[in-house]
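1. prediction below, plus the sequence it came from.
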Amino acid sequence: MEGEHDATAGTIFEEDEIFDNGGDEEPHRPIISGEQLDIEAYAALYTGRTKITRLLFIASKCRVPSMELEALRMAYDEIKKGEDTQLFREVVATIDGRLGPNYGPDNAWADAVDRRAEFRKEKLENELNAYRTNLIKESIRMGYNDFGDFYYAHGLLGEAFKSYVRTRDYCTTSKHIVYMCLNAILVSIEMGQFPHVSSYVSKAEASQDSLDPVAVAKLRCAAGLAHLEGAKYKLAARKFLETGPEIGNNYTEVIAAQDIATYGGLCALASFDRAELKSKVIDNSNFRNFLELVPEMRELINDFYTSRYASCLEYLSNLKPNLLLDIHLNDHVETLYEQIRNKALIQYTLPFVSVDLNMMANAFKTSVTGLEKELEALITNNQIQARIDSHNKILYARHADQRNGTFQRVLQTGSEFDREVKAMLLRANLMKHDYNLSLKSLRKH
């Protein structure tokens, strides 16, 4: 996907094309640029394996050498706190000596970790065999769960998933099933197996009586990520918007509260109509708490709703470099941005019978030629009912003829009424002449 983003990035949202609507004033609010990404502060939002994978993703996608090396350095330090020696060797190979001798191969550490892992695995196997012999379901469940934790810590995600799923046969309460589902979801997200995520979210939600508010919030976040991965942006938006404040910092091994605001806000802008945006996003007191963590997202949503499109697109343009470094959003940024921009164009034209393309191009800070191409595509896709006067540079709306439409509806209603009355008269005449009874007597004979 990297090549696709490289090819399309900037074709719509050029920095020199974004200003305030209809004026030459300087931007009225400070906007954080993507170049100011503080990797250390960003990484601090996460824990566990996702912290490492996000840092490695940043290193692989960013084109700033200093940022890449900083991400690799932090990933190296974080990996050495754990037990995944295979991932450690891969990161060392990626660093390739660029960070000096302190960030090179550490065979002594890796060998020591591998030896401890062998002893630990043997101990877990012996314990599990003993539990099986004694046929104690709870002990067997805990044994498989310990194996899942062991494999997950060492980066063997496939084996971890199998071990967690095996605990289901030994679950004795619905809480155990929810715990199993959350473990399976965590590993599935790490593996990128989002169909499994959706499946285990549904299984966990079936145990409603055992779901506390934190578990509910975790499941909604997981479902939102699965819908986002499947490009089902409206469903994703709903899940993120339904996430309660209980999530707090309780799911940092998967997602941060700031991500909920960003993912939910972008998906809502791309898929919600104006009424939904008002009721489900702007007036949503729970989601407002998340938006406070990402002021840029809050402001661009308000700008979009109040038709300050250039300001809204300016925020999007400045957020874009950061969003392209997000492990879950990277593949969707271009599509989301295109849908948001198209919605802005549609919303701009709706109230008018005719629109001066020069004024519209100035409002969106693009060229008239480029604007014409965008409008042509929307008209072709039947998203805008209009025609373009290319000579005079005017867009004329094709509003439905309300008078003619009313007459057509009246005629259709009259035809339906006439048909129903004839059917009733026919039935009445049949009953009057006992045709129905005669038919029954013939059938008896």
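-> Thanks, I have it. Numbers count the residues shown, from 1 in each chain.
2. excluding its backbone neighbours, what's nearest residue 268?
-> Excluding its sequence neighbours, the residue lying closest to residue 268 (CB to CB, 6 or more residues apart in numbering) is residue 237, at 4.2 Å. For the C-beta atoms, the positions are set from N, CA and C on the backbone; glycine is no exception.
3. where does the one you found land in three-state SS?
-> Classification of residue 237 using DSSP: H, G, I helix; E, B strand; the rest coil returns helix.
4. so who does residue 335 touch?
-> Listed by CB atoms under 8 Å, 6 or more residues apart in numbering, the contact set of residue 335 reads 231, 270.
5. can you give me the buried ones in the strand or helix carrying it?
-> Element membership of residue 335, judged by DSSP states H and E, is helix 333-349. Judged by neighbour count (16 or more other CB atoms under 10 Å), helix 333-349 contains these buried residues: 333-334, 336-345, 348-349.
6. quick check, distance from the helix or strand hosting residue 425 to the centre of its chain.
-> Following DSSP H and E, one finds residue 425 within helix 402-432. Helix 402-432 sits 49 Å away from the centroid of its parent chain (CA atoms, centre = their mean, to the nearest Å).
7. what of stretch 365-384?
-> Averaged C-alpha coordinates place stretch 365-384 at 27 Å from its chain's average position (CA atoms, centre = their mean).
8. shift numbering so it begins at 557
-> In the new count, where the first residue is 557, that last one comes out as stretch 921-940.
9. how long is stretch 613-624 end to end?
-> One end of stretch 613-624 to the other measures 10 Å (CA to CA, to the nearest Å).
10. helices of the stretch 707-856 of the chain, start to end?
-> In the stretch 707-856 of the chain, the helices defined using DSSP state H, counting those that start in this stretch lie at 713-722, 730-747, 750-761, 769-785, 789-798, 813-827, 830-832, 841-847, 851-861.
11. gap between the two ends of stretch 824-835?
-> Span of stretch 824-835 from end to end, CA to CA: 11 Å.
12. kindly report the same for stretch 744-756.
-> Using CA to CA, one end of stretch 744-756 lies 9 Å from the other.
13. check whether residue 639 sits in a helix, strand or coil.
-> Per three-state DSSP, residue 639 ends up coil.
14. what's the angle from the helix holding residue 891 to helix 851-861?
-> 30 degrees (axes from the mean of the first three to the mean of the last three CA atoms, to 10 degrees).
15. in the next helix-or-strand element following helix 889-905, what's buried?
-> Using DSSP H and E, the helix or strand that follows helix 889-905 in sequence is strand 910-912. Across strand 910-912, burial judged by 16+ other CB under 10 Å covers residue 911.
16. now the following helix or strand past strand 910-912: buried residues?
-> Of the helices and strands lying after strand 910-912 in sequence (DSSP H and E), the nearest is helix 913-920. Under the neighbour-count criterion of 16+ other CB under 10 Å, helix 913-920 has 913, 916, 917, 918, 919, 920 buried.
17. which ones are touching the last one?
-> Residues counted as contacts of residue 920 (CB under 8 Å, 6+ apart) are 865, 866, 869, 900, 901, 904, 927.
18. appreciated, that's everything.
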